[in-house]
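Asks: just coords:
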């Protein structure tokens, strides 16, 4: 679709539910924008990013850089836009205002997007290309079990630091199905796994868990263009948690070619040869 796109409104959306990587909708948008700039399509294109959130990224240090990326690429940023319906026939995407009291002027007349309002808190955007992530949840066998936290997502109800189930002490959860307020990434699981493994062994040996704590670490490699990447690392409450060793050599809050090399070559190697083999 990106290669066949000939211009118009290219709408990229952030879902209201957790996804594998919170920055994924941005990555494809930045790369598509670069491709359209190289092929001459950009001049006939409105790139739009609609998110139910208030900012482009939750961690302030990384949000500053990504805001500059939006400005450099002339991307229309639409905060508090929660997708509600897609009209395929008329090629329109509908949004509701996720926080009406803080977002009274999001529709900019004359911005060339042909956007319109419906009532006091709904917006309609015509699209020529639409990118979205569907709502995600735990698998049904978990969602419909006593392990679920009872939310629409049906995630496993665990303590966010020990990863022990809040009702069944002999149950632990790691990974995407756990009810943890952080990004569901491989980097997060890498930090969760040692805590769970240690606690499971301790429970088997002494019927009590260790003092090990998972602090919500996750990372989101944000590719902002060909040869450019921001390595966003953070923990609970959107606190920056960049690797101290790596930070000695490079400012990971900025766009870097070295971080793009890490993403293209380093991370795949670490995933297949270290993480999947339990070596890190």
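Replies: Happy to help now that I have it. Everything quoted here is computed from the prediction, not taken from an experiment.
Asks: and the helix or strand hosting residue 205, what's buried?
Replies: Assigned by DSSP states H and E, residue 205 belongs to helix 186-206. Buried residues in helix 186-206, counted by 16 or more other C-beta atoms under 10 Å: 186-193, 195-196, 199-200, 203. For glycine as for every other residue, the C-beta is placed from the backbone atoms N, C-alpha and C.
Asks: mind checking the SS state of residue 112?
Replies: For residue 112, the secondary structure call by DSSP: H, G, I helix; E, B strand; the rest coil comes out as coil.
Asks: residue ranges in this protein under the pLDDT threshold?
Replies: Flagging of the chain using pLDDT under 70 yields the residue ranges 100-111.
Asks: care to break it down by domain?
Replies: The record's domain parsing of the chain by automatic domain parsing lists 8-131, 140-206.
Asks: start to end distance for the shortest one?
Replies: Pointing back at domain 140-206 there. End-to-end span of domain 140-206 (C-alpha to C-alpha, to the nearest Å): 33 Å.
Asks: same deal with the first one?
Replies: Counting by C-alpha to C-alpha, you get 14 Å between the two ends of domain 8-131.
Asks: can you give me how far that domain is from the chain middle?
Replies: Offset of domain 8-131 from its chain centre (C-alpha atoms, centre = their mean, to the nearest Å): 14 Å.
Asks: can you tell me how far the closest residue to residue 149 other than its chain neighbours is from residue 168?
Replies: In space, and not counting its chain neighbours, residue 149 is closest to residue 157: 3.7 Å by C-beta to C-beta, 6 or more residues apart in numbering. Separation of residue 157 from residue 168 (C-beta to C-beta, to the nearest Å): 9 Å.
Asks: more neighbours, those two?
Replies: residue 157 (19 against 13; other C-beta atoms under 10 Å).
Asks: what sits against that one?
Replies: By C-beta atoms under 8 Å, 6 or more residues apart in numbering, residue 157 lies in contact with 147, 148, 149, 150, 165, 166, 167, 179.
Asks: now the strands for the chain?
Replies: 8-13, 45-50, 76-78, 81-87, 92-97, 116-117, 122-126, 129-131, 218-225, 228-235, 239-240 (DSSP state E).
Asks: distance of residue 46 from residue 66?
Replies: Applying C-beta to C-beta, the value for residue 46 to residue 66 is 19 Å.
Asks: what sits in contact with each of residue 157 and residue 168?
Replies: Common neighbours of residue 157 and residue 168 (criterion: C-beta under 8 Å, 6+ apart): residue 147.
Asks: wait, which of the strands of the chain is closest to residue 209?
Replies: Nearest to residue 209 among the strands of the chain is strand 228-235; the distance by C-beta to C-beta comes to 20.1 Å.
Asks: other SSEs contacting that closest one?
Replies: Judged by 3 or more C-beta pairs under 8 Å, 6 or more residues apart in numbering; DSSP states H and E, strand 228-235 is in contact with helix 60-72, strand 218-225, helix 257-261.
Asks: which of these is buried the deepest?
Replies: strand 218-225 (a mean of 23; mean count of other C-beta atoms under 10 Å).
Asks: next, the angle from that one to helix 186-206.
Replies: If you take axes from the mean of the first three to the mean of the last three C-alpha atoms, to 10 degrees, strand 218-225 sits at 170 degrees to helix 186-206.
Asks: what helices and strands are in contact with strand 218-225?
Replies: Contacts defined by 3+ C-beta pairs under 8 Å, 6+ apart place strand 218-225 against helix 24-39, helix 60-72, helix 186-206, strand 228-235.
Asks: ends of stretch 135-146, what's the gap?
Replies: First-to-last residue span, stretch 135-146, C-alpha to C-alpha: 22 Å.
Asks: buried residues in that stretch?
Replies: For stretch 135-146, the neighbour count (16+ other C-beta under 10 Å) marks 137, 138, 142, 143 as buried.
Asks: next one: stretch 125-134
Replies: Under the neighbour-count criterion of 16+ other C-beta under 10 Å, stretch 125-134 has 125, 126, 127, 129, 130, 131, 133 buried.
Asks: how far off centre is it?
Replies: Distance, stretch centre to chain centre, for stretch 125-134: 17 Å (C-alpha atoms, centre = their mean).
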